[in-house]
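Chemist: any chance you could fold what I've pasted below:
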Amino acid sequence: MRPAAACQRLLVSVLLLLVGGFPLASQADAIQFRMITKVGLGQKPKLEITALQALERVEVMLNREDGKNVAQNLSAMGVGETREVLLDGKPGKHHYSGRVTCVVDGVPQDSQVTFDTLVGGELTVIVDKTKVDLGAGRMPIQISSPDGKVELRIFGASGGEALLEHEQDFADRDPAMPLILAWKPLAKGTEVGRVDLKVTDPSGAYKSFALFPWSIYIPHEEVNFATDSSNIDRTEVPKLQASLEKIADALAKHKDLGAIKLYIAGHSDTVGAAPYNLNLSRKRAQAIAGWFRKNGLRIPIAYEGYGEFALAVATPDNVDEPRNRRVDYILSVEDPVLKATNFQPVWKLTK
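Modeler: Got it, this is the predicted structure:
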């Protein structure tokens, strides 16, 4: 075989490598190429060239889609010697085309090459829990990478094997837009305890985390407070004792979920100024949380007031609606999501 033909066959192997992603040698055993085109943040794509025979010269000339060029003369290479051609390491995608010239026994041969590179940026994943609908099998996810894969597993509240496993690939998407993760909904009434997510970008970088959407509202009789007061009257104590028993029963049934907290959320009607109602609802939630702590509940107890920002019954301002004057008792692993308008709760732990 003539040297030029050997180099030509070699470079055909390079083109195959760019698709297959593994090192190949020419049938003439002159040079072996290894192309690494997808890398993570802080790394550079590269072309590795290993001489399997003595080479007089190897030249690489590449053009990028934005007009930047790569020109490198690898000079002579001894048998077994490896050289690298490093490419741009800034995050993003690039398309390269050009030629590789190899010289064996004084005969040069040019062959055209074309390939794409991808350098991953810092992978970020954001899930807005207020927009997750597990019942409908829908979860919007904000992902910084335009390409990649999402793996999802859903577990029941009692643990055990996964109820559902779902994998979803994505490509050429706008990172500014949320990816809608969709799967076949679970059977109605299924109690979900944990959702495991793993997002992987093309460079192999990944983020994995768990969501704990499980929560239950403890049904109870509302504690009545005197006007403008957050003091618990002793006549209301039996209501709290009954609620404490229900909380203990629920904890015993779901002890395998892990670190469950009790959340106490106070609410008001729309009578009076909104800042005043917010403060009073917080004080009443704190009073109830304190009672549970003093009476033997050992799990973390968090409280917050919502005032009139999460009405059970929508009303105009200054409407006396008893159903809006309430306190929620919620058992949950993560901070619960309550439907509220322009209000971000700051949960405080009871000592």
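Chemist: ok, the residue most central in space within the chain - contacts?
Modeler: The centre of the chain sits closest to Val125, judged by CA atoms, centre = their mean, with a distance of 3.4 Å. Taking CB atoms under 8 Å, 6 or more residues apart in numbering, we find Val125 in contact with 141-144, 197, 199, 207, 209. Heads up, the C-betas are built off the backbone N, CA and C, glycines and all.
Chemist: where does Gln286 land in three-state SS?
Modeler: helix (DSSP: H, G, I helix; E, B strand; the rest coil).
Chemist: you'd agree it is up against Ser230?
Modeler: Yes: contact criterion CB atoms under 8 Å: Gln286 and Ser230 qualify, at 7.3 Å.
Chemist: could you pull out the helices for the stretch 101-250 of the chain?
Modeler: Ranges of helices in the stretch 101-250 of the chain, per DSSP state H, counting those that start in this stretch, are 237-253.
Chemist: scratch that, the stretch 251-351 of the chain
Modeler: 274-294.
Chemist: the strands in it, which residues?
Modeler: Under the criterion DSSP state E, counting those that start in this stretch, the stretch 251-351 of the chain contains strands at 261-267, 301-307, 327-332, 348-349.
Chemist: between the ones you listed, which gets nearest to Ala136?
Modeler: Checking those against Ala136 by CB to CB gives strand 327-332 as the closest, at 20.4 Å.
Chemist: report the inter-axis angle for that closest one versus strand 261-267.
Modeler: 150 degrees (axes from the mean of the first three to the mean of the last three CA atoms, to 10 degrees).
Chemist: since we're on Val100, how many residues are nearby?
Modeler: Neighbours of Val100 under the rule other CB atoms under 10 Å: 24.
Chemist: cool, Phe309 as well?
Modeler: 20.
Chemist: excluding its backbone neighbours, what's nearest it?
Modeler: Of all residues not flanking Phe309 in the chain, Phe343 sits nearest, at 3.9 Å (CB to CB, 6 or more residues apart in numbering).
Chemist: pLDDT (mean, whole number) over stretch 107-118?
Modeler: Regarding stretch 107-118, the rounded mean pLDDT is 84.
Chemist: same question but for stretch 51-70, I mixed them up
Modeler: The model assigns stretch 51-70 a mean pLDDT of 91.
Chemist: list the contacts of Ile141.
Modeler: 125-127, 150, 178-181, 197, 199.
Chemist: mind running it again at 10 Å?
Modeler: 125-128, 131-132, 150, 152, 168, 170, 178-181, 197, 199 (CB atoms under 10 Å, 6 or more residues apart in numbering).
Chemist: most neighbours among these, which one?
Modeler: Neighbour max across the contacts of Ile141 (other CB under 10 Å) = Val199, 25 neighbours.
Chemist: can you list the weak-confidence ranges in this structure?
Modeler: Low-confidence segments of the chain, defined by pLDDT under 70: 1-29.
Chemist: tell me the domain ranges of it?
Modeler: Here the domain parsing of the chain from automatic domain parsing is 3-119, 125-211, 216-349.
Chemist: please tell me how far whichever strand or helix holds Val58 is from the chain's geometric centre.
Modeler: Val58 is located in strand 57-64, with elements delineated by DSSP states H and E. Put simply, strand 57-64 sits 39 Å off its chain's centre (CA atoms, centre = their mean, to the nearest Å).
Chemist: quick one: list the elements packing against that strand.
Modeler: strand 46-51, strand 69-73, strand 82-86, strand 92-104, strand 107-119 (3 or more CB pairs under 10 Å, 6 or more residues apart in numbering; DSSP states H and E).
Chemist: that strand: partners in the sheet, and parallel or antiparallel?
Modeler: For strand 57-64, the paired strands and their directions (DSSP bridges) read strand 69-73 (antiparallel), strand 92-104 (antiparallel).
Chemist: one step back: just give me the neighbour total for the residue nearest to Phe309.
Modeler: By other CB under 10 Å, the burial measure for Phe343, its neighbour count, is 14.
Chemist: my guess is it contacts Leu311. True?
Modeler: No: using CB atoms under 10 Å, Phe343 is not in contact with Leu311, being 11.3 Å away.
Chemist: residue contacts, the nearest residue to Val223 once chain neighbours are set aside?
Modeler: Ranked by CB to CB, 6+ apart and with sequence neighbours excluded, the top spatial neighbour of Val223 is Glu236, at 4.6 Å. Neighbouring residues of Glu236 by CB under 10 Å, 6+ apart: 221-225, 288, 291.
Chemist: how much space between Glu236 and Leu331?
Modeler: Counting by CB to CB, to the nearest Å, the gap from Glu236 to Leu331 is 21 Å.
Chemist: repeat for Lys68
Modeler: Relative to Leu331, and taking CB to CB, Lys68 is found at 58 Å.
Chemist: between those two, which is the more surrounded one?
Modeler: Higher neighbour count among Lys68 and Leu331: Leu331, with 21 against 12, using other CB under 10 Å.
Chemist: mind listing what the more buried one touches?
Modeler: Taking CB under 10 Å, 6+ apart as the test, what Leu331 contacts is 214-218, 246-247, 250-251, 254, 257, 260-263, 299.
Chemist: try it again at 7 Å.
Modeler: 215-216, 218, 247, 250-251, 260, 262 (CB atoms under 7 Å, 6 or more residues apart in numbering).
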